[in-house]
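Asks: got a predicted model here, sequence first, then my questions.
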Amino acid sequence: MTVPLAACGGQGDDGPPTINFYNPPIENMQHVIDECNAAAGGRYEIVYRVLPRGADDQRVQLVRRLAAEDDSMDVLGLDVTWTQEFAGANWIREWTGADAAEVRDGTLPGPLESATYEDKLYAAPNNTNVQLLWYRTDLVPNPPATWDEMIAQAQQLKSQRRPYQVITMGAQYEGLVVFYNTLVASAGGNILSEDGRTAVLDDGAVRALDLLRRFATAGVTSPSFTNALEDPARLEFQGGNAAFQLNWPYVYPAMQEAAPDLARNVRWARYPAVDANTPSRVTIGGTNLAVSAYSRYPAESFEAARCIRNAEHQKYAAINDGVPPTIESVYDAPEMAEAYPMKDVILEELRDASVRPLSPAYQNISTVMSATLSPPGDIDPQRTAEQLREEIQDALESKGVLP
Amino acid sequence: MLCAPAAFVMVAVTAYPILYSVWLSLQRFDLKFPDEREFVGLDNYVTVLTNGYWWTAFGVTMLITVITVAIELVLGMGLALIMHRTLVGRGLVRTAALIPYGIVTVVAAFSWRYAWTPDTGYLANLITPDGAPLTERAGSLAIIIVAEIWKTTPFMALLLMAGLALVPEELLRAASMDGATWWQRFTKVMLPVMKPAILVALLFRTLDAFRVFDNIYVLTAGANETSSVSMIAYNNLLRGLNLGIGSTMSVLIFLAVAVIAFVFVKLFGTAAPGASDDGRR
């Protein structure tokens, strides 16, 4: 009985312990792992276990196995929005001592906040991401600084019968929640209370609802706004009818390949603000590395995670896989300029980025938010805020029902 | 005493999970908040039964159940008559008719999804050149219903064909000698004799249809208010990690299935296969 079990567990009698690293599929990840294995000098061996491509499928696999106390998972690559949930469920270990100090050192505040639960560090930010404003210099000489300016510019272009649309993601899904969260943070508002236990939806959140409705009804969106996801939005911008696009940095290399004529005229700027005097606070994406509570080799797992996300490997991943680093100093590396011509704006946004509501119930909060905010044209700020407050509070108290 | 081992196995594999779900449904038990687990009585039932999403899903489930079972009965009867009367290549006809039922539902559902996806799908381009039916509610529901009917009509036909075999040939010939038309022979002779088989087929299919999950999971994943009760229970249990609410939904589905079975057996007199015609053993 013992022999086959030991074989499954990966620790042979002679070999070093296997650290199973469960992460979403990333093309050049194996190179980083090979380097970390070489650095470990035979004390442990990291094996890359590739999760499914879809975020929901990734989460369901991890959650199911963790709920069953599966001890064959060691290092987990988590979407930033799952960290609180996994920490709340006691599925991942707290980072302490020297491990935590190394992670905190030089890591950007936004990503670090996303890895923190109840003031304790539960993960190491591996990569991050923010959306930028992309605009066409042949139509717009100066990028708008605020939403009101952008809507006015688009309306003016429309009256001149030139391409005018503002393209962004408005379908009923996570992208709409990210959009709204950025507006709330930019307006200085809050969705949850400081401790994450109460739904507040203060004045800033109501102003964000009002702006979302105004934008959706100003006649400057594309006809498919309420159905648009990231990639269809990118394709629509490449179609040439739009003047602005709010989207992740990946649209830039994609555009140069697919629409080089258009790409020549496309520039980037900071995501528009709500108030002229307060810069926008953009919602971050990205992944964090956590160590499973059921791992049999926690010490080696923390070490492996630190190696995977160290500055050198973040630089490698940024240049080869296009994922922005979470360690600030990496942006100064000379090779970064070519891979990320827009790196200064990305870094500027990351320095005061916002995170999505930090709560173990985020998945449920996000589901009810996307349902309530959709379609944005039907928002009635006060009433919608009231509805959001009720449904989010229910989700926090485990009373919410997911559609 | 001799049945003790069988009884033990039944309790272990059937009764225990059901009772455990009932126990979970009486608690606030959310894997995300393990420290806040507590006994809440019937609160979860109040939450679910006063929730709009649940009743939308219930309505969708009823709609799918009623429409698919009704259409399957008619189509299945037609198919059964054809298979029963086929003289040439009988085996081939029966095998061909059963192919949809032999294909794994998820695989078939994927092929339906691709068929209805604009640009890549032959059906989307043929029937709705400008639209994407799987992104709207009515279109999605219609496609789910069609996929369900396509998949299980052969099963219905198979059960009905077994019923057709019960109709004595002499009875039909006697009726025909008395001048009964085909329709009269069908409604006055065949249907009454087949009634037990028809009711069993309807019972099986209704219970099955009420638990519809895989077609919806693949085709829409419950978007645009197309969740069935099984789908919404899955979302709350496995995606939402809310064992209390999810178990409550499972118990409610169990009760609904029990009610359907009760109605069929007690009111319509559906007999279990092997029992006598009047529904009593």
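Replies: Everything's here; your move.

Asks: list the contacts of A:Leu246.
Replies: A:Leu246 sits next to A:Gln131, A:Leu132, A:Leu133, A:Trp134, A:Val166, A:Ile167, A:Thr168, A:Phe179, A:Tyr271, A:Pro272 when contact means C-beta atoms under 8 Å, 6 or more residues apart in numbering or on different chains. Yep, even glycine has a C-beta here, placed from its N, CA and C like the rest.

Asks: could you report the separation of the last one from chain B?
Replies: So the one you mean is A:Pro272. Counting by C-beta to the nearest C-beta, to the nearest Å, the gap from A:Pro272 to chain B is 29 Å.

Asks: list the contacts of B:Thr206.
Replies: The neighbours of B:Thr206, taking C-beta under 8 Å, 6+ apart as the test, are B:Thr65, B:Val69, B:Ile260, B:Phe264.

Asks: pretty sure the first one is touching B:Ala209, no?
Replies: Yes: with contact defined as C-beta atoms under 8 Å, B:Thr65 reaches B:Ala209; the gap is 4.3 Å.

Asks: among the contacts of A:Leu246, which one is most surrounded by other residues?
Replies: Ranked by neighbour count under the definition other C-beta atoms under 10 Å in any protein chain shown, the contacts of A:Leu246 are headed by A:Ile167 with 28 neighbours.

Asks: and chain A, which of its residues are near chain B?
Replies: A:56, A:59-60, A:63-64, A:67, A:85, A:88-90, A:172, A:227, A:360-361, A:363-364, A:367, A:394, A:397-403 (C-beta under 8 Å from any C-beta of the partner chain).

Asks: still on that earlier bit, closest one to B:Ile198 out of the contacts of A:Leu246, please.
Replies: Proximity of these to B:Ile198 was ranked by C-beta to C-beta; the top entry is A:Phe179 with 54.1 Å.

Asks: can you tell me the average pLDDT over the strand or helix carrying the closest one?
Replies: Using DSSP states H and E, A:Phe179 sits in helix A:174-186. The average pLDDT for helix A:174-186 rounds to 96.

Asks: ok, back up a step: in helices, which of the contacts of B:Thr206 fall?
Replies: B:Thr65, B:Val69, B:Ile260 (DSSP state H).

Asks: apart from its neighbours in sequence, what residue is nearest the residue in the stretch 101-250 of chain A that chain B sits nearest to?
Replies: Residue of the stretch 101-250 of chain A nearest chain B, by C-beta to the nearest C-beta: A:Asn227 (6.5 Å). Closest residue to A:Asn227 apart from its sequence neighbours, by C-beta to C-beta, 6 or more residues apart in numbering or on different chains: A:Ala171 at 5.1 Å.

Asks: what's the distance between that neighbour and A:Thr384?
Replies: 18 Å (C-beta to C-beta, to the nearest Å).

Asks: touching, A:Leu211 and A:Val274? I think so.
Replies: Yes: shown here, A:Leu211 and A:Val274 form a contact pair, counting by C-beta under 8 Å, at 6.3 Å.

Asks: between the two, what contacts are shared?
Replies: By C-beta under 8 Å, 6+ apart, the residues touching both A:Leu211 and A:Val274 are A:Trp147, A:Leu183, A:Ala187.
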